[in-house]
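Student: what's the 3D shape of this:
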Amino acid sequence: MQPKKIRGFLPLVLSVACMGILTSCSGGTEVDYLVPPEAEVEASAAIPASENETAPPGTAPEGNADLPSPTLPLVWWQPRASENLTWQWQLQGEIDTSFDVDVYNVDIATPVSKIDELKARNIKVICYFSAGTAEYFRPDVDQFSDAIQGEQYEDLTDERWLDYSRYQEFAPVMQARMDLCKSKGFDAIEMDNVDAHNYESRDANGNVVNIGTNFDIKLDDSIAYIRWLADEAHSRGLSIGLKNAEEMAPDVVSQVDWMLTEDCYVDSWCDAATVFVEADKPVFMTEYDDLVPDFAPACELAKSLGFSAIWRDPSLALDTYVACQ
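Tutor: Numbering: from 1, shown residues only. Below you'll find the predicted structure:
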């Protein structure tokens, strides 16, 4: 199964007529695909831990004056499926902050002013970027060597696969992106395109028949990369989720904090994500109006599985938004 690729932050000038199913549209003209000035990415104050922001085990015992003072462990947002969190996901156009939800998922280039506006309402904010492809509209794309860039990603002429079986060669790029997410005040990161193994066709013996990335990336490579990304995110006090790639869910559910699905209803694989709900970790489910013209059956399935589902337009701009109630 090859999950749908969301086109990220391609330059876009919106002229949106609000549809009846849209909660609200912003009247601004700003287009948020440019990286904001350095002045907008100053480190924000530390966010106090809430009841669902817990530290890893192993803290040294208190009250022993003979022991050195331990370094306080980092905390990060660890949401629970039982919270039934509501959410909005927008990757193009000026971010409309008017939705009354618990979580927003927006691009890494989103201005700090928008993030601050959301945080002031106690909304958790997820930082989107691709961890498995080189996006040519990003300012750091020249830091990916030609040797680790593969085939074009689907029909996107400005995006190419990265050989993340050798992620150590571009690890500083991903680390710098996480640092930027942290400094701008994000709570979590969404790492896109970490399922390159799904694009390699293999025969019954596991031999590669067609390499869709120009690399021989295996499932184990994807699992190792996700685990490294999770460790890096947590070391910065950031939550992290699995994007699609349901075949990896049992292997990484203990390392990541939530899951985001696209098209699991229309492609009939939602059951594979229930391992997260069983671990009381939320599944943020998305179906798109071009493939699912009637959201009601998908919503009913989501409710039965304990997923937090929304119905969106494929551009993730400001056309269609319905939350499953």
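
Student: mind checking how far the residue nearest the centre of the chain is from residue 218?
Tutor: Among the residues of the chain, residue 190 comes closest to the average C-alpha position under CA atoms, centre = their mean, at 1.6 Å. For residue 190, the distance to residue 218 (CB to CB, to the nearest Å) stands at 23 Å. The way it works is simple: take the backbone N, C-alpha and C, and place the C-beta from them, glycine included.

Student: ditto for residue 110
Tutor: The gap separating residue 110 from residue 218 is 34 Å, by CB to CB.

Student: which of the two has more neighbours?
Tutor: Applying other CB atoms under 10 Å to residue 110 and residue 218 shows that residue 110 carries more neighbours, namely 25 against 16.

Student: From residue 319, how far out is the more buried one?
Tutor: The value you get for residue 110 to residue 319, if CB to CB is used, is 19 Å.

Student: Helix, strand, or coil at the nearest residue to residue 233 once chain neighbours are set aside?
Tutor: Spatial nearest neighbour of residue 233, chain neighbours left out: residue 240 (4.0 Å); criterion: CB to CB, 6 or more residues apart in numbering. Three-state call for residue 240 (DSSP: H, G, I helix; E, B strand; the rest coil): strand.

Student: Is it correct that residue 240 is in contact with residue 260?
Tutor: No. Using CB atoms under 8 Å, residue 240 makes no contact with residue 260, being 10.6 Å away.

Student: Between the two, tell me which one has more neighbours.
Tutor: residue 240 (28 against 23).

Student: which ones are touching the more buried one?
Tutor: Listed by CB atoms under 8 Å, 6 or more residues apart in numbering, the contact partners of residue 240 are 188, 189, 191, 229, 230, 233, 234, 256, 257.

Student: ok so, going back, now do the residue nearest to the centre of the chain against residue 95, distance only.
Tutor: 15 Å.

Student: ditto for residue 232
Tutor: Applying CB to CB, the value for residue 232 to residue 95 is 26 Å.

Student: the more surrounded of the two?
Tutor: Comparing residue 232 with residue 95 by neighbour count (other CB under 10 Å), the higher total belongs to residue 95, at 26 against 18.

Student: what's the nearest residue to that one if we skip its chain neighbours?
Tutor: Going by CB to CB, 6+ apart, residue 95 has residue 114 as its nearest residue, at 4.7 Å.

Student: Please identify which helix or strand holds that neighbour.
Tutor: Using DSSP states H and E, residue 114 sits within helix 112-119.
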